[in-house]
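S.K.: Need coordinates for the below:
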Amino acid sequence: MEGGHRKVVLKLGGGLLTNKKGLCSPNIEAIQQSAKTISELILNGCKIALVHGAGSFGHARAKTWKLSEGRLDEIFHPEENIRSQSEAVNQVRMDMKKLNHILTSELDSLGVQYKVFHPHEWAQGFGPNFEGELEFLDSDVMSIVHGDVVDDEKQGFGILSGDDLMYRIATEWGDVRSCVFALADCDGIMSHPPENPNSRLIPEWNPKMGFGSEHDEDHDVTGGIAYKAIRASEISQTNGNKTDVWFVDGRRSERVFDACMGDLTVGTKIL
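M.R.: Residues are numbered from 1 along each chain as shown. Predicted coordinates:
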């Protein structure tokens, strides 16, 4: 199954694909649903660059071992046969490959063709200006990348966020029509945290509006909703009217589909 000519950059959030409680706990139902949506998008003429997050396969261990801060001199308490930051780096990389394999196995079952490019094998540094060539986007089939622990010249290693991958792919691939962030637990950017009874969807957002919804600092080591929104806005401002940028509820497959196809849907359009 090959894609068509409508270029789409899609991010499946780690909180969507995994269960927050527990370590390395996949949300199989969400993974199956997301794979089916991707299959339908390809059948409807989309050429997709897919990015996925880490969720419980990355954030908890990365936080425990302070991997976002690079190599540190402090003493850590061993856990689960991991005795050092270097061992934790290797474990998170292996865990991310496991999550990726669970997702790609579902794509295999649907006949979706793809190629996976694990960032620690080709990227260096982190933030939107990380080093690494994106020539894999020229592949005839869907390209898949994910948040990862990558080498860094200054601090030894660090976390390359899926949101930074989204920024570079969406702004460098060329002629991207839709850039969609599929979220885990809300309709889009909300006026208050989703559990607040006064929370309402903000249908259009720009950076001047700020945030009423804070991210989950207990688990997220890549900046949460605020970081996503800022990167998304940079995509929108860089690409202009050529690219529609959306935050949608990833649990609602019809919204993910519509946003990728360029149709109006329930969510937050990022300006």
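S.K.: so where is the stretch 101-250 of the chain shaky, pLDDT-wise?
M.R.: The stretch 101-250 of the chain contains residues with pLDDT under 70 at 212-223.
S.K.: Give the other helices and strands that the longest helix anywhere in the chain contacts.
M.R.: Across the chain, the longest stretch assigned as helix under DSSP state H is helix 85-109. Contact analysis of helix 85-109 by 3 or more CB pairs under 8 Å, 6 or more residues apart in numbering; DSSP states H and E lists helix 28-43, strand 46-52, helix 59-64, strand 114-116, strand 142-146, strand 148-152 as its packing neighbours. For the C-beta atoms, the positions are set from N, CA and C on the backbone; glycine is no exception.
S.K.: Isn't residue 79 up against residue 64?
M.R.: Yes. Here residue 79 lies in contact with residue 64, judged by CB atoms under 8 Å, at a distance of 6.9 Å.
S.K.: Looking at the two now, which is surrounded by more residues?
M.R.: More crowded of residue 79 and residue 64, by other CB atoms under 10 Å: residue 64, with 14 against 11.
S.K.: Local confidence estimate at that one?
M.R.: Per-residue confidence (pLDDT) for residue 64: 95.
S.K.: residues in contact with it?
M.R.: By CB atoms under 8 Å, 6 or more residues apart in numbering, the contact list for residue 64 reads 76, 79, 88.
S.K.: Apart from its neighbours in sequence, what residue is nearest residue 211?
M.R.: residue 226 (5.4 Å; CB to CB, 6 or more residues apart in numbering).
S.K.: next one: residue 175
M.R.: residue 7 (5.6 Å).
S.K.: Distance-wise, check the residue in the chain sticking out farthest from the centre relative to residue 186.
M.R.: The C-alpha centroid of the chain is most remote from residue 75, which lies 31.1 Å away (CA atoms, centre = their mean). Per CB to CB, to the nearest Å, residue 75 is found 39 Å from residue 186.
S.K.: residue ranges for the strands of the stretch 101-250 of the chain, please.
M.R.: Counting by DSSP state E, counting those that start in this stretch, the stretch 101-250 of the chain has strands at residues 114-116, 142-146, 148-152, 156-160, 176-183, 204-205, 244-249.
S.K.: contacts for the shortest one?
M.R.: Applying CB under 8 Å, 6+ apart, the contact partners of strand 204-205 are 188-189, 229, 233, 247, 268-271.
S.K.: hmm, try it at 7 Å
M.R.: 189, 229, 268-271 (CB atoms under 7 Å, 6 or more residues apart in numbering).
S.K.: taking the residues you listed one by one, which sit in helices?
M.R.: Judged by DSSP H, those include residue 229 as members of helices.
S.K.: just to revisit the earlier point, the longest helix of the chain vs strand 142-146, what angle?
M.R.: 150 degrees (axes from the mean of the first three to the mean of the last three CA atoms, to 10 degrees).
S.K.: buried sites along helix 85-109?
M.R.: Across helix 85-109, burial judged by 16 or more other CB atoms under 10 Å covers 85, 88-89, 91-93, 95-97, 99-100, 102-104, 106-107.
S.K.: One more: stretch 156-176?
M.R.: Residues of stretch 156-176 classed as buried: 157-171, 173, 176 (neighbour count, 16+ other CB under 10 Å).
S.K.: Quick check: the gap between the residue nearest to residue 70 when sequence neighbours are not counted and residue 139.
M.R.: Leaving out its chain neighbours, the residue that sits closest to residue 70 by CB to CB, 6+ apart is residue 155, at 2.6 Å. Distance, residue 155 to residue 139, by CB to CB: 31 Å.
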